[in-house]
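**Q** fold the following and give me the result.
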Amino acid sequence: MLLLLAVTLPRLFWDAGPESAPTLKEAGIAQIAVPAARADAWKGAAGITIDVVDPQSAVKLVAPSVDYRANQGSASRSPWINSNGWRFVRQPQALFVYDVKGVQAPLAAAEAFSYGVNALIRSDAAGLKPLGEMLQFLRDVPADDMPPVADIGFQDDGSFASGEVMNLMTKANLLYRVVKAPDRNLKLNAKLGTNEYPLEKAKNPGFVAQLIRSNLTDDKRSLRVYGSLVVLARVTGTGDRLRVQLINFAGAERRVDGLRVRVLGKFAKAKLRAAGSPAEELLDYTVEPDATEFTLPELKSYAVIDLSR
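**A** A predicted model of the protein is given here:
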């Protein structure tokens, strides 16, 4: 099972010396990770807390972003989201590191935070201020004590093919967790190499991910997102509470307006927190006998919606 949402925030990995402390403070960054060679120099730097880490031992991540495939003319081509959710599900205990620039830095922080993983963010000067703003927002988000919501149990054999299927399930907002054996409490179980999901079909992981979705059926999905192909969700919850975290991988410069979300279960109350957005309330909030729907007025980069009965 994945770690519950973070006790510590993602940290900026910083190679520079303590002479850069004023720059960090101006950006609102008070905690950094440094290599061992810099540890002594940073000791005693007022207003800056340091952790000593070895980034060489960390799992390298892709920069959160969207490739719009402008060189492909087909109208059916969907944007390709560069995300790391499947890596977090596969190795929840690992140390991760991002190498990102500018506005990718806050997206990296939000993605790591949403999965509750231990992550370092190496960024450039342009990323410091937006990263500091995101970290401040994350500090104000109440800790999450709920487990991930899953519809699908996936038996990950550690292979490249399984990783690709998990990656595509993540991009399709299919909620899954890794299991060692079929879990009867879940709505669907899947494993490559079975009659239902033969290894030959796994040569096309997109086909397998679509087959898993079809076998689950959309009606049984605990979460559905309408109105954008670049927004991914992370869902945790218990019977009485649900947390939906939404990340716009296109970044704040390409905000998403009027995002519609549907979750299974009846939830009468909702609390919205959206980074960099004045939106405080959800629109068109509807509670049905078996589901709850609402519209997020705008999503710049990251939002947290806490639902309760």
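**Q** strands along the stretch 201-309 of the chain, start to end?
**A** Counting by DSSP state E, counting those that start in this stretch, the stretch 201-309 of the chain has strands at residues 223-226, 231-237, 241-248, 256-264, 269-274, 283-287, 291-299, 302-308.
**Q** break the chain down into its domains, please.
**A** Following automatic domain parsing, one finds the domains of the chain at 11-139, 152-220, 223-308.
**Q** including mean neighbour count and mean pLDDT, could the strands of the stretch 201-309 of the chain go into JSON lines?
**A** Quick note: C-beta positions are derived from backbone N, CA and C, even for glycine. Formatted as JSON lines, the strands of the stretch 201-309 of the chain follow (neighbours: other C-beta atoms under 10 Å; pLDDT from 0 to 100):
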{"stretch": "strand 223-226", "mean neighbour count": "17", "mean pLDDT": "98"}
{"stretch": "strand 231-237", "mean neighbour count": "22", "mean pLDDT": "97"}
{"stretch": "strand 241-248", "mean neighbour count": "23", "mean pLDDT": "98"}
{"stretch": "strand 256-264", "mean neighbour count": "18", "mean pLDDT": "96"}
{"stretch": "strand 269-274", "mean neighbour count": "16", "mean pLDDT": "96"}
{"stretch": "strand 283-287", "mean neighbour count": "12", "mean pLDDT": "96"}
{"stretch": "strand 291-299", "mean neighbour count": "20", "mean pLDDT": "96"}
{"stretch": "strand 302-308", "mean neighbour count": "22", "mean pLDDT": "97"}
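**Q** can you add distance to residue 139 and give these back as JSON lines?
**A** Listed next are these as JSON lines, based on distance: least, C-beta to C-beta, whole Å:
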{"stretch": "strand 223-226", "distance to residue 139": "26"}
{"stretch": "strand 231-237", "distance to residue 139": "18"}
{"stretch": "strand 241-248", "distance to residue 139": "15"}
{"stretch": "strand 256-264", "distance to residue 139": "24"}
{"stretch": "strand 269-274", "distance to residue 139": "12"}
{"stretch": "strand 283-287", "distance to residue 139": "27"}
{"stretch": "strand 291-299", "distance to residue 139": "20"}
{"stretch": "strand 302-308", "distance to residue 139": "13"}
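**Q** output the below-cut-off pLDDT ranges for the chain.
**A** 1-8, 69-77, 279 (pLDDT under 70).
**Q** need the residue closest to the centroid of it.
**A** In the chain, the C-alpha nearest the mean C-alpha coordinate belongs to residue 111, at 3.5 Å (C-alpha atoms, centre = their mean).
**Q** return the distance of that one relative to residue 268.
**A** To residue 268, residue 111 is 30 Å away according to C-beta to C-beta, to the nearest Å.
**Q** one more: residue 128?
**A** Taking C-beta to C-beta, one finds residue 128 at 41 Å from residue 268.
**Q** neighbour count for those two, which is higher?
**A** Each of residue 128 and residue 268 has its neighbours counted (other C-beta atoms under 10 Å); residue 128 has more, 21 against 10.
**Q** correct me, but the more buried one touches residue 27?
**A** Yes. Proximity of residue 128 to residue 27 meets the contact threshold set by C-beta atoms under 8 Å, at 3.9 Å.
**Q** what sits closest to residue 111 if chain neighbours are left out?
**A** Nearest residue to residue 111 in three dimensions, chain neighbours excluded: residue 64, at 5.4 Å (C-beta to C-beta, 6 or more residues apart in numbering).
**Q** related to what we said a few turns ago, possible to save the domains of the chain as a markdown table with distance to residue 145?
**A** Output for the domains of the chain, formatted as a markdown table (distance: least, C-beta to C-beta, whole Å):
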| stretch | distance to residue 145 |
| --- | --- |
| domain 11-139 | 11 |
| domain 152-220 | 17 |
| domain 223-308 | 9 |
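**Q** looking at those domains, which is nearest to residue 146?
**A** Ranking the domains of the chain by distance to residue 146, with C-beta to C-beta as the measure, places domain 223-308 first at 4.1 Å.
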